[in-house]
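1. Give me the fold of what follows.
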Amino acid sequence: MKKANLVLSLFFACTVAFAQSENKNAMRFAKTITAEDAKKHLSVLASDEYEGRETGKEGQRKAAKYIAENFKALGLKSATDNSYLQKVPLMLSTPGEARLEIGGKKYENMKDFFAMPLGNDVEIKGTNILFVGYGITEKGSDDGKSEATKPYNDYNGVDVMGKVVLILSGEPLTKDSISLITGTKKPSKWSSSSRKKISLAKQNGAAALIIISSGFEENLPMMKKYLSSPSLDLIPDSTQAVETEAEIAQIFISESIGSALLSSQKKSIAKIKSKILRDGKSDAFELKSAFLFSVKNSTEKIYSENVLGVVEGSEFKDEVIFVTAHYDHLGVRDGKVFNGADDDGSGTVGVMEIAEAFAQAKAAGLGPKRTIVFMTVTGEEKGLLGSSYYTDNPIFPINKTVCDLNIDMIGRIDEDHKKDSAFVYIIGSDKISTELHAINENANKTYTKLSLDYTYNAPDDPNRFYYRSDHYNFAEKGVPIIFYFNGVHEDYHKETDEISKINFGLLATRAQLVFYTAWEVANRAERIKTDVPQEEK
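-> Predicted coordinates for the structure are as follows:
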């Protein structure tokens with residue numbers, strides 16, 4: 001018995017000693033992440049010389065070159081045999097004329113309707129429009145793990161192949177705001193955006209989708225500004241076998257115009273909504289009206305670049321951890337340079353500093369067991385384009401991608417933390433892997449001791465930041481993620497987002513938290529598990 005106790009004691013002592021050694025190693029290299037180095041890099045990337053780093057412009061290409069040269073100087077491997085750059089093919093579309101006619105009546109673009117930009121010219125003619133309620137299909141679930149939902153199907157028994165589909169925005173709600181789908185005041189995922197409805201209409205074969213938007217007037221000023229400017233979108237790269245689905249036309253109209261269309265069939269929005277609540281389903285019907293929709297754009301194919309540097313793992317090198325940030329910003333507007341020092345110059349230099357820490361560990365013979373890819377992506381400000389392209393065209397297999405630690409704005413303090421500046425918002429850490437969430441919590445408790453704010457992680461948070469940065473494209477593929485964020489501030493998306501306002505000490509500490517989390521994920525014996533049930537996409 002004494003011998004057994006002695007063996008156990010020795011084992012425990014060795015385990016403690018190993019853990020302490022690992023902690024010391026991690027702390028040794030975390031110290032290389034400094035405010036001084038971050039400022040050195042940001043002074044370059046957020047300077048006027050880089051012209052706001054707008055995707056597809058010269059300033060963005062300069063930034064890509066600077067980051068790639070830094071990765072090379074650190075001794076990081078390139079992600080491919082040829083380059084630190086992944087080319088991202090884009091279509092630059094300059095808006096042209098948009099026309100909408102229903103039943104012989106002409107509607108005015110940016111007054112009566114707006115249409116989401118499409119890369120190609122579009123012309124759709126038809127003789128009828130098919131109304132299908134809210135345009136929702138919900139199978140229903142109550143497994144005790146994910147949000148309980150009730151079955152609901154607006155497409156049940158309805159053939160919309162090749163037809164123009166008309167739907168209501170939102171979801172069926174009672175007068176007390178109880179969702180017919182969730183049975184509570186918590187709305188379902190169908191209320192969060194039109195994205196899922198557009199995808200579902202496309203899956204069902206619709207040629208176009210008209211959405212009667214309850215927030216049309218409220219959103220119109222923003223959409224006017226957005227849709228009057230040239231837009232960028234991804235296009236297939238002819239050098240890669242990429243399967244893409246053609247987008248369907250997406251037309252948003254006001255409730256007043258929607259009411260006028262429905263009244264031609266002696267229907268009203270209020271009566272339709274009431275009937276859906278009473279029957280638990282919608283009744284599809286046709287509006288026998290001639291339909292014409294057309295958009296003409298001038299288009300040009302251009303390229304941008306994601307920048308990738310790799311520290312190869314020693315034991316599980318096929319398992320890959322990503323540390324990401326977007327390096328693009330808004331460019332030059334009305335002669336003013338939008339330097340984006342915080343958004344996302346701060347995250348970009350954070351990635352560069354973390355890359356240097358792991359490169360030094362590798363050079364000292366203490367490199368990670370798993371491979372770490374440091375990727376700064378393009379096109380985030382244009383719609384998460386760079387990360388979307390990467391996750392659809394991965395250089396490293398998605399099923400071997402352990403997690404993505406995404407850094408978007410870590411150099412400032414928002415209004416809610418003026419008295420508690422040692423903080424960082426954590427978003428998404430528990431949405432796919434509870435182990436990743438625990439690792440980040442423990443890393444902070446052990447080393448950085450920041451206040452971790454989960455305000456924006458709430459499922460019903462109206463800001464929806466979980467969906468608004470590059471980690472989301474990894475999350476959609478089932479990859480665990482964490483989004484590190486300092487919140488918005490008075491200089492967000494303004495020309496005043498300058499380097500003089502960056503808190504470099506806090507930036508470095510936040511970057512160190514990402515480093516410690518990556519260190520633990522990279523060096524633990526087992527790959528982190530994806531243990532949170534995911535909603536069907």
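
2. what about the residue nearest to residue 84 when sequence neighbours are not counted, distance to residue 305?
-> In this structure, residue 84 finds its nearest non-sequential neighbour in residue 68, 4.0 Å apart by Cβ to Cβ, 6 or more residues apart in numbering. Using the backbone N, CA and C atoms, a C-beta is placed for each residue, glycine as well. Residue 68 sits 8 Å away from residue 305, going by Cβ to Cβ, to the nearest Å.

3. ok, these two, which is more surrounded?
-> Ranked by neighbour count (other Cβ atoms under 10 Å), residue 68 and residue 305 place residue 305 first, with 26 against 20.

4. ok, then the element right after the helix or strand harbouring that one?
-> If you go by DSSP states H and E, residue 305 is part of strand 298-311. Going down the chain from strand 298-311, the next helix or strand is strand 316-326, by DSSP H and E.

5. Got the domain ranges for this protein?
-> 38-74+304-387+397-523, 96-296 (automatic domain parsing).

6. Is it possible to get the ones you listed out as a markdown table so that each row also shows distance to residue 529?
-> Converted to a markdown table, the domains of the chain look like this (distance: least, Cβ to Cβ, whole Å):
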| stretch | distance to residue 529 |
| --- | --- |
| domain 38-74+304-387+397-523 | 6 |
| domain 96-296 | 14 |
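
7. Would you mind telling me which of these is nearest residue 88?
-> Ranking the domains of the chain by their distance to residue 88 (criterion: Cβ to Cβ) puts domain 38-74+304-387+397-523 first, at 4.7 Å.

8. what helix or strand does the residue nearest to residue 84 sit in?
-> With DSSP H and E as the test, residue 68 turns up in helix 58-74.

9. Just the C-alphas of that helix, formatted as CSV.
-> The C-alpha trace of helix 58-74 is given here as CSV (Å, rounded to 0.1, in the frame of the first residue of the first chain):
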residue,chain,number,x,y,z
GLU,A,58,-3.8,49.5,-54.1
GLY,A,59,-3.8,50.1,-50.4
GLN,A,60,-5.2,46.7,-49.6
ARG,A,61,-2.6,45.1,-51.9
LYS,A,62,0.2,47.0,-50.1
ALA,A,63,-1.1,45.7,-46.8
ALA,A,64,-1.2,42.2,-48.0
LYS,A,65,2.4,42.5,-49.2
TYR,A,66,3.4,43.9,-45.8
ILE,A,67,1.8,41.1,-43.8
ALA,A,68,3.1,38.4,-46.1
GLU,A,69,6.7,39.7,-45.9
ASN,A,70,6.3,39.8,-42.1
PHE,A,71,5.2,36.2,-42.0
LYS,A,72,8.1,35.2,-44.2
ALA,A,73,10.6,37.1,-42.0
LEU,A,74,9.2,35.3,-38.9
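
10. and it, which residues are buried?
-> Residues of helix 58-74 classed as buried: 59, 60, 61, 62, 63, 64, 66, 67, 68, 70, 71, 74 (neighbour count, 16 or more other Cβ atoms under 10 Å).

11. Pick the one among the residues you listed closest to residue 159.
-> Out of the buried residues of helix 58-74, the member with the shortest distance to residue 159 (by Cβ to Cβ) is residue 60, at 45.6 Å.

12. Report pLDDT for that closest one.
-> Per-residue confidence (pLDDT) for residue 60: 98.

13. Which single one of the buried residues of helix 58-74 is nearest to residue 91?
-> residue 60 (16.4 Å).

14. ok so, going back, wait, doesn't the residue nearest to residue 84 sit right on residue 307?
-> Yes - between residue 68 and residue 307 there is a contact under Cβ atoms under 8 Å: 5.2 Å.

15. shared neighbours of those two, anything?
-> By Cβ atoms under 8 Å, 6 or more residues apart in numbering, residue 68 and residue 307 have these common neighbours: 84, 85.

16. Can you pull the phi/psi pair for residue 201?
-> Main-chain torsions, residue 201, degrees, to the nearest 10: phi -60, psi -40.

17. Please name the nearest non-neighbouring residue to residue 150.
-> Counting by Cβ to Cβ, 6+ apart, residue 150 lies nearest to residue 140, which is 5.1 Å off, once chain neighbours are set aside.

18. who are the neighbours in contact with that neighbour?
-> Residues near residue 140 by Cβ under 8 Å, 6+ apart: 149, 150, 151, 152.

19. Report the contact partners of the residue nearest to residue 387 when sequence neighbours are not counted.
-> Closest residue to residue 387 apart from its sequence neighbours, by Cβ to Cβ, 6+ apart: residue 470 at 3.6 Å. The contact partners of residue 470, taken as Cβ under 8 Å, 6+ apart, are 324, 325, 326, 377, 380, 384, 386, 387, 404, 406, 408.

20. just to revisit the earlier point, so which of the contacts of residue 140 are in strands?
-> In this view, the contacts of residue 140 that belong to strands under DSSP state E are residue 152.

21. most surrounded residue in the contacts of residue 140?
-> When neighbours are taken as other Cβ under 10 Å, the top entry among the contacts of residue 140 is residue 152 (24 neighbours).

22. So what sits opposite that residue in the bridge?
-> With DSSP bridges as the criterion, the beta-bridge partners of residue 152 are residue 138.

23. any idea how far it lies from residue 201?
-> For residue 152, the distance to residue 201 - Cβ to Cβ - is 16 Å.

24. Just name the closest of the buried residues of helix 58-74 to residue 133, please.
-> residue 60 (43.5 Å).

25. Just to check, that closest one is in contact with residue 54?
-> Yes - if you go by Cβ under 8 Å, residue 60 and residue 54 touch, sitting 5.9 Å apart.

26. Pull up the overlap in contacts between those two.
-> Counting by Cβ under 8 Å, 6+ apart, the contacts common to residue 60 and residue 54 are residue 328.

27. which one is residue 441 nearest to, not counting chain neighbours?
-> residue 452 (7.0 Å).

28. what's around the one you found, how many residues?
-> The number of residues packed near residue 452 is 18, by other Cβ under 10 Å.

29. Next up, the contacts around residue 166.
-> Contact partners of residue 166, counting by Cβ under 8 Å, 6+ apart, are 129, 130, 131, 132, 210, 212, 258, 261, 287.

30. Now do it against residue 416, distance only.
-> 42 Å.

31. Same check on residue 294?
-> 47 Å.

32. Of these two, which one has the most company?
-> More crowded of residue 294 and residue 416, by other Cβ under 10 Å: residue 294, with 17 against 12.
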